[in-house]
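A.B. asks: below are the sequence and a predicted model for it; my questions follow.
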Amino acid sequence: MSVSANNSTLLIESQYFPSIDFYKTSIEHDILLLEKYEHYQKVSYRNRCYLAGPNGKMILSVPLTKGKNQRTVMKDVRISNEERWQSLHWKTLVSAYRRSPWFEYYEPELEELYEKKFDYLLDWNVACLEWANNKLGLQQTISFTDGYQKEVTGVTDMRDKLQPGTVQFPGIQYAQVFEDRTGFLPGMSILDLLFCEGKQALEVIRESK
């Protein structure tokens, strides 16, 4: 794989509406190099994201054609569209965040994204990443690996370093919708931060430790 020596490059797996930890890790890099030749890993952010709901942490999980235990190369992992998962995910988002300060601002474009059909998980994840980057005002270049290499030089390799259930940057805090009930829930999807902080979301990430 070719990497420009003039840019700061982060090598990482694709995620479904990436975690806030993903963004804290990535914002200082000019290029995101997404791994597309790894084997799919279950119980990861690849097909799931976490939301802060009224009863605590909620999981949105994209259904896959061969289930979560498949050993398929990431670029070939197909979404199971037999279920109306996008409609269900959207209804969950509306229910959880309609009271948030910024949900209505993002609602029209985000609903449009959830109405588009995607056959491959990687394509869906990239669409989510591009949507969120646009709303955050990030101008990163997104590229893809052209083969799998276990050891890669010249890049920051964060593949499989960010895992559900662990929080890399506990200092990132902001006012969540149901914080009075659940306490602050760290490690959420970038959507949670966007709905709560809107145009200040990127500054919240940058200023935190």
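C.D. replies: Nice, I can see it. Numbering: from 1, shown residues only.
A.B. asks: from here on, contacts and neighbour counts on C-alpha atoms
C.D. replies: Will do.
A.B. asks: what pLDDT is listed against S87?
C.D. replies: Predicted confidence (pLDDT) for S87: 98.
A.B. asks: pull the number of nearby residues for it.
C.D. replies: 13 (other CA atoms under 10 Å).
A.B. asks: quick one: list the elements packing against the helix or strand harbouring it.
C.D. replies: Applying DSSP states H and E as the criterion places S87 in helix 85-97. Judged by 3 or more CA pairs under 8 Å, 6 or more residues apart in numbering; DSSP states H and E, helix 85-97 is in contact with helix 103-114.
A.B. asks: mind listing what's buried in the helix it packs on?
C.D. replies: 103, 107, 110-111, 113-114 (16 or more other CA atoms under 10 Å).
A.B. asks: and it with helix 85-97, angle?
C.D. replies: 170 degrees (axes from the mean of the first three to the mean of the last three CA atoms, to 10 degrees).
A.B. asks: centre of the chain to helix 103-114, how far?
C.D. replies: Its chain's C-alpha centre and that of helix 103-114 lie 16 Å apart, by CA atoms, centre = their mean, to the nearest Å.
A.B. asks: tell me the mean pLDDT for that helix?
C.D. replies: 98.
A.B. asks: check which helices and strands that helix sits against.
C.D. replies: helix 85-97, helix 190-197.
A.B. asks: just the ones you listed: most buried one?
C.D. replies: With neighbours taken as mean count of other CA atoms under 10 Å, the helices and strands packed on helix 103-114 reach their highest mean count in helix 190-197, at a mean of 24.
A.B. asks: show me what secondary structure element comes after that helix.
C.D. replies: Past helix 190-197, the next helix or strand by DSSP H and E is helix 201-207.
A.B. asks: burial count for the nearest residue to R78 once chain neighbours are set aside?
C.D. replies: Leaving aside its chain neighbours, R78 sits nearest to Y120 (4.4 Å; criterion: CA to CA, 6 or more residues apart in numbering). Neighbour count of Y120, defined by other CA under 10 Å: 17.
A.B. asks: equivalent analysis for M158, please.
C.D. replies: For M158, using other CA under 10 Å, the count is 14.
A.B. asks: in contact with it, which residues?
C.D. replies: M158 sits next to 10-13 when contact means CA atoms under 8 Å, 6 or more residues apart in numbering.
A.B. asks: can you check P108 too?
C.D. replies: P108 neighbours (CA under 8 Å, 6+ apart): none.
A.B. asks: against Y114, how distant is it?
C.D. replies: Computed with CA to CA, to the nearest Å, the distance linking P108 and Y114 is 10 Å.
A.B. asks: for D160, see how far away E35 is.
C.D. replies: In this view, E35 and D160 are 10 Å apart by CA to CA.
A.B. asks: between those two, point out the one with more neighbours.
C.D. replies: E35 (22 against 12).
A.B. asks: quick check: phi and psi at that one.
C.D. replies: phi -80, psi 120 (degrees, to the nearest 10).
A.B. asks: name whatever forms a beta bridge with it.
C.D. replies: E13 (DSSP bridges).
A.B. asks: count of neighbours near S80?
C.D. replies: 18.
A.B. asks: many thanks, we can stop here.
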